[in-house]
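K.L.:
Everything below, folded, please.
(one chain, ligands or ions: 1)
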Amino acid sequence: MVNSPDPAVSIAGLRVRRGRTTVLDGLTLDIPRGQVVGLLGPSGCGKTTLMRAIVGVQRIAGGTVEVLGQPAGSSPLRHRVGYVTQAASVYDDLTVTQNLAYFRRVLGAGKEDVERAIAATDLGANAGQLVSTLSGGQRSRVSLAAALLGSPDLLVLDEPTVGLDPLLRADLWGLFHRLADSGTSLLISSHVMDEATRCDRLLLMREGRILADQTPEELLAETGAADAEDAFLALLRRRHPRHALEDAEAERADGADTDHTEEAGR
Ligand SMILES: Nc1ncnc2c1ncn2[C@@H]1O[C@H](COP(=O)(O)OP(=O)(O)OP(=O)(O)O)[C@@H](O)[C@H]1O
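P.N.:
Modelled structure (predicted):
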């Protein structure tokens, strides 16, 4: 983990509408450099939308997004930001090596990058295999390998560990931390709460808002919860207005003689 005073990403007052929905409504946050930052929250809370805004492919309705000191999506960032979407974005009718050789040429990265990316994602045994014959997990690792070409300064990975077995997940988190140790900044989304403790820092998101922006240790200490899932629920009760309202309504429905001692301590 490398600390730096300049954030990798700096977001102020970000508003995004998708269709008729306001998905992000005034989001402000910084993502530090050289750390593995987890973006966690339930399905539909806006994780992908936030990532799209950071890589500069999302139309925004207001606010600013700066990446590595430049406006998100600007041309100097083209080779400095790697993005892996949830859908594998590699060619089925090419082998792993052919895919990476193609993307390397597009990016203008060095030839040695192909071998390095294959080794980092543990795809050596599959290098000569057509992507159409790979398993889902192997295929998503090819997308990740493609994102590693050219050694980007910021990697934005949308649910990279979905569908992977526990051993592969552990290997990938090991790779993420090695990349962070060498100075890469990583933003990794997941809706699997038990991945929270693998991150240097966490952004917990709910309905387009950031509920928490802290280290896993701080989150557990602050909430007194045993794990990230419980911490998330505790934060929801404390901080999320809609749930606070629902709790209050439930209490009112319970009647005037309810004992509120426990509720007050939350
Ligand atoms: N193209 C679109 N048009 C309209 N609404 C959209 C569009 N894409 C996403 N949304 C809505 O925006 C909200 C946030 O979606 P987003 O994909 O950012 O969530 P997410 O947290 O990444 O979810 P998941 O974990 O399921 O990928 C959701 O309510 C979704 O229905």
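K.L.:
Give me every residue in the stretch 151-266 of the chain lying close to the ligand.
P.N.:
Selection of the stretch 151-266 of the chain residues close to the ligand by C-beta under 6 Å from any ligand atom yields residue 191. For glycine as for every other residue, the C-beta is placed from the backbone atoms N, C-alpha and C.
K.L.:
so which residue of the stretch 151-266 of the chain comes closest to the ligand?
P.N.:
Nearest residue of the stretch 151-266 of the chain to the ligand, counting by C-beta to the nearest ligand atom: residue 191, 5.0 Å away.
K.L.:
in the stretch 51-200 of the chain, which spans are strands?
P.N.:
Ranges of strands in the stretch 51-200 of the chain, per DSSP state E, counting those that start in this stretch, are 62-67, 70-71, 81-84, 154-158, 185-190.
K.L.:
Show me what the first one pairs with in its sheet, parallel or antiparallel.
P.N.:
The sheet places strand 62-67 alongside strand 9-18 (antiparallel), strand 70-71 (antiparallel), with pairing taken from DSSP bridges.
K.L.:
tell me the contacts of residue 147?
P.N.:
Listed by C-beta atoms under 8 Å, 6 or more residues apart in numbering, the contact set of residue 147 reads 82-84, 155, 157.
K.L.:
right, I mislabeled it, should have said residue 69
P.N.:
residue 6.
K.L.:
Roughly how far does it sit from residue 29?
P.N.:
16 Å (C-beta to C-beta, to the nearest Å).
K.L.:
Also residue 137?
P.N.:
Distance, residue 137 to residue 29, using C-beta to C-beta: 31 Å.
K.L.:
now do residue 212
P.N.:
Per C-beta to C-beta, residue 212 is found 11 Å from residue 29.
K.L.:
Comparing the two, which shows the higher neighbour count?
P.N.:
Neighbour totals were compared for residue 212 and residue 29, and residue 212 leads with 22 against 16 (other C-beta atoms under 10 Å).
K.L.:
I'd say the more buried one and residue 204 touch.
P.N.:
Yes: counting by C-beta atoms under 8 Å, residue 212 touches residue 204, with 4.1 Å between them.
K.L.:
before we move on, the earlier item: let me know which of the strands paired with strand 62-67 is tucked in deepest.
P.N.:
strand 9-18 (a mean of 18; mean count of other C-beta atoms under 10 Å).
K.L.:
Which residues does that strand contact?
P.N.:
Strand 9-18 has contacts (C-beta under 8 Å, 6+ apart) with 22-31, 46, 49-50, 53-54, 58-68, 154, 185, 187.
K.L.:
Touching both of residue 212 and residue 29, which residues are there?
P.N.:
Listed contacts common to residue 212 and residue 29 are residue 203; contacts here mean C-beta under 8 Å, 6+ apart.
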